[in-house]
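Trainee: For reference, the sequence and a predicted model appear below.
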Amino acid sequence: MKALFLLCLGLPAMVASFYLPGVDPKTFPENAPVEMKVNTITSMHTQLPLDYYSMPFCEPDGGPKKASENLGEFITGNKIQSSPYHLYMLLENFCSVLCQKTLTAKQAKTLKQAIEHEYHNHWIIDNLPSAMVVNNENLMYTEFAGGWPIGFQGVDKKHYIFNHVKLIIEYHQVVPGEEGYRIVGFYVEPISVKHHYVDGWEWDGKNMEGRSRPLQTCSNSNWLSTDQVSELQVVAENESILYTYDVIWTESETKWASRWDIYLSMDNRVPARIHWFSIINSLLIIFFLSALVGMILVKNLKRDISQYNSVLTDEEKAEERGSLIMMILIMYVLNGITAGYVSSRLYKSFRGREWQRCTILTAVAFPGAIFAFFVLTNIVLSIYHSAAATPFLQILSVMALWCCVSIPLVFFGAFFGYKKPVWEYPCVTSSIPREVRPLPWYLQTHSVILMGGILPFGAAYVELFFILSSIWMEQFYYVFGIALLVCIILAVTCGELSILFCYFQLCAEDHRWQWRSFFTCGSTAFYVFAYSIMWFNLLEPSNLAITYLLYFGYNFLISLSIFIVCGTIGFLSCSWFTQTIFASIKVD
C-alpha cells in the first residue's frame, strides 16, 4: 500500500517504477533444506494488510524471525517472516502434522472477520510467490496472483478455514545427470478438513506425540485430495484446529530464467490483443490531432503570419506583445535540483520577485502534502495494528532524505536558475494588456478545461484499468513496454491538444494562455479520479473507514500527480508553440 506514496512522488519527476524478481539463481542439492517464508495477509476489500502471525496460525520453533528489510520494503508494507514448514529438496512427505490451535473467543472472532473480508495468504519459496490451485467437481485451474484465501464462508453461513495445504513445487535439473536443482514453480492447493486421530485419540497440542501419531483423515503414503474430505474444519470458539500439509516435488521442463513468465505474461488473465486494441485506439487519436495541428502549422498559421507581416497598422506597431521501490524515492530526491532550476527560471521569466517563497513552495508544497497524508494514514494503520504501518525510525529516514537532501538540492538548483539570464521573448510586448473580447462558449475557460481532459484520458483509460487492478487487487502487472507506449501517447496527446486550443485562443485575441494551457491538459486527472470512483465498486469494499481513506486518499494523490505532469506538458507545449510563431512575426 505504501508503494503508492512513492508512486505519487515519482509521477511528477517522470520516473517509471517496476518490480525486479530475484535475479540470482540458487541451486539446491538433493535433500538440502528449502526455506519457505510468509508475507502479510491482504484483502482487496479492506486494503488493510495484517501480520501473518496475528492470526491463529502455527509458528516456527523459537518464534518467527523477520527477514532483513530495507527502507523500500518498510514503506511498501511487506513483512516477510520465517515459517514453521520444513521442506527439503526432492523429499516428499504427506499428512505432516504442523501444530494444533484451540481457538479462544477473540481468535475465533478475528479469524471469522478475516474470512469474511477474504484475506489471502502470500507464501514465498526462493523468491517465487505461491500460486493457488483450485480443484473442484466442475473445473481445475490455477491463479497466478493474489495469493490464496485463508478460508471461506459456506452456504450455511458458517466459517471454514483451510487448515491443510498441498505444496506442489516444480524443479528443474541444472545439468542432466548431475546433482543440482532449481525451483521453477510453487503452487498451493488449500483444503479444509476436520482431522481425527486413529482410535479416537485426542491431542492437547502441547507435546510432540501428536505430530507422530497417524491420522484417520489422511494418509502418510499419499497426498490428501478434496474428494477424500468428509467433514470441513469450522471456525468456532473452543474449536481445535489441526494444521497439516503435503509436499510434492514435480520435475518441469521450465528453465529458471523463464520461471516468472507464467506470472508476468498475463496470458492466463488478459489477452494481449486487448492491450493492443487500446494502443491502436490511442494512436488513432494521435493521428487525428496531428493532422489538425499540422493543418494549422502548415496552412492557417502561415497565412496568419503573412497577414501580420504585410499589414501592420500604427496601432499595432506601437503595441508591445506579450512561457515508478527505493529507486523512485532516491530519483525523486535527486531530481530536486532539476525542480529548483526549472521553477526558478520560469519564475524569473515571469518577472517574479519573491524568489525565496517560490523556492520554498517548490521544495515543500507537493512532497509535504503527500508526506502529511502518508503520516496520517500510517497513524491510522497503527491503530488498526496493520502490518502496513511503517516503523517510526523508517519515517524519520524518509523525512531525513527529504529535509537533508531534497530541499537543499532544490535551493541549489534554484541558485543556478536565478543566476541565468531571463528567457527572452521573440518580440517586444506591451506592458498594458489588451482588452479581451467575450469568447464563444466553446472557448471559455470552463468549457476548454472540461473538453481538454477527455482525449488524453481516452488514450489511456484501458491501460488504467489494468494498472488499478495491479495496485488494488494484488495482481501482477509487467507489460511495461505497453505502459511506456501509453505514457508516450498520453504526452503527445496532451502536447498537441494544448497547442490546438492555444491556437484557437490566440485567434480569438485572448493572450491569457499560460494557466489555461496548464489546466486544459491537467483536467485529465479529473477524469482519472472520476474513473477510479466508478472502479471502486469492483473491489466490493468493506465498511471499514480505513478502506475508503486509503483508496480515495491515494487515488486523489495519484490524480494530483497526473494533474501536475499533464499540466506541465500542456504549458511547455504552448510555450514552445507561442515562441515559435511569434518568432516568425516581423516587428519594427
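Mentor: That came through, no problem.
Trainee: list the helices and strands the helix or strand harbouring residue 160 packs on?
Mentor: Element membership for residue 160, per DSSP states H and E: strand 159-161. Using 3 or more C-beta pairs under 8 Å, 6 or more residues apart in numbering; DSSP states H and E, the elements in contact with strand 159-161 are helix 105-116, strand 151-153. In short, each C-beta sits where N, CA and C put it, glycine included.
Trainee: So which of the ones you listed is nearest residue 442?
Mentor: Residue 442 sits nearest to helix 105-116 of all the helices and strands packed on strand 159-161, at 51.3 Å, using C-beta to C-beta.
Trainee: Other residues contacting that closest one?
Mentor: Here helix 105-116 makes contact (C-beta atoms under 8 Å, 6 or more residues apart in numbering) with 41, 43, 50, 54-56, 101, 103, 149-153, 159-161, 235-237, 239.
Trainee: which helices and strands does whichever helix or strand comes after it pack with?
Mentor: As assigned by DSSP H and E, the chain's next helix or strand after helix 105-116 is strand 120-121. In terms of contacts (3+ C-beta pairs under 8 Å, 6+ apart), strand 120-121 is packed against strand 148-149.
Trainee: In its sheet, which strands sit next to the strand it packs on, and in what direction?
Mentor: Here strand 148-149 is paired, per DSSP bridges, with strand 120-121 (antiparallel).
Trainee: shouldn't residue 229 be in contact with residue 193?
Mentor: Yes - using C-beta atoms under 8 Å, residue 229 is in contact with residue 193, at 4.7 Å.
Trainee: Of these two, which one has the most company?
Mentor: For the pair residue 229 and residue 193, the greater number of neighbours falls to residue 193 (22 against 16), based on other C-beta atoms under 10 Å.
Trainee: what sits against that one?
Mentor: Counting by C-beta under 8 Å, 6+ apart, residue 193 has contacts 163-164, 217-218, 224, 229, 231-233, 244.
Trainee: Using a markdown table, please lay out those together with distance to residue 88 and secondary structure.
Mentor: Listed next are those as a markdown table, based on distance: C-beta to C-beta, whole Å; DSSP: H, G, I helix; E, B strand; the rest coil:
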| residue | distance to residue 88 | secondary structure |
| --- | --- | --- |
| 163 | 23 | coil |
| 164 | 20 | strand |
| 217 | 25 | coil |
| 218 | 20 | coil |
| 224 | 20 | coil |
| 229 | 27 | coil |
| 231 | 31 | coil |
| 232 | 30 | coil |
| 233 | 27 | coil |
| 244 | 17 | strand |
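Trainee: Just the buried residues from those, in ChimeraX please.
Mentor: In ChimeraX, selecting the buried portion of the contacts of residue 193, with burial taken from 16 or more other C-beta atoms under 10 Å, looks like this:
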select :163,164,217,218,224,229,232,233,244
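Trainee: thinking again about what came up before, buried subset of the contacts of helix 105-116?
Mentor: Buried among these (16+ other C-beta under 10 Å): 41, 43, 50, 55-56, 101, 103, 149-152, 159-161, 235, 239.
Trainee: ok, of the residues you listed, which one's closest to residue 392?
Mentor: Distance to residue 392 across the buried ones among the contacts of helix 105-116 (C-beta to C-beta) is lowest for residue 50, with 19.5 Å.
Trainee: Just to check, that closest one is in contact with residue 389?
Mentor: No - applying C-beta under 8 Å as the test, residue 50 and residue 389 come out as separate, 10.6 Å apart.
Trainee: centroid residue for the chain?
Mentor: Per C-alpha atoms, centre = their mean, the C-alpha nearest to the average position across the chain is that of residue 471, at 4.1 Å.
Trainee: low pLDDT regions in the stretch 201-350 of the chain?
Mentor: By pLDDT under 70, the weakly predicted segments of the stretch 201-350 of the chain are 264-325.
Trainee: Tell me which stretches of it form strands.
Mentor: Per DSSP state E, counting those that start in this stretch, the stretch 201-350 of the chain carries strands over the ranges 240-251.
Trainee: before we move on, back to that, mind picking the two most distant members of the buried ones among the contacts of helix 105-116?
Mentor: Once C-beta to C-beta is applied, the buried ones among the contacts of helix 105-116 give 43 and 239 as the farthest pair, at 22.6 Å.
Trainee: what number of residues lie near residue 360?
Mentor: Residue 360: 15 neighbours (other C-beta under 10 Å).
Trainee: Tell me which helix or strand comes right after the helix or strand that contains it.
Mentor: Assignment of secondary structure by DSSP H and E places residue 360 within helix 355-383. Scanning forward in sequence from helix 355-383 by DSSP H and E, the next helix or strand is helix 392-401.
Trainee: Enumerate the positions of that next one that are buried.
Mentor: Residues of helix 392-401 classed as buried: 394-395, 397-398, 401 (neighbour count, 16+ other C-beta under 10 Å).
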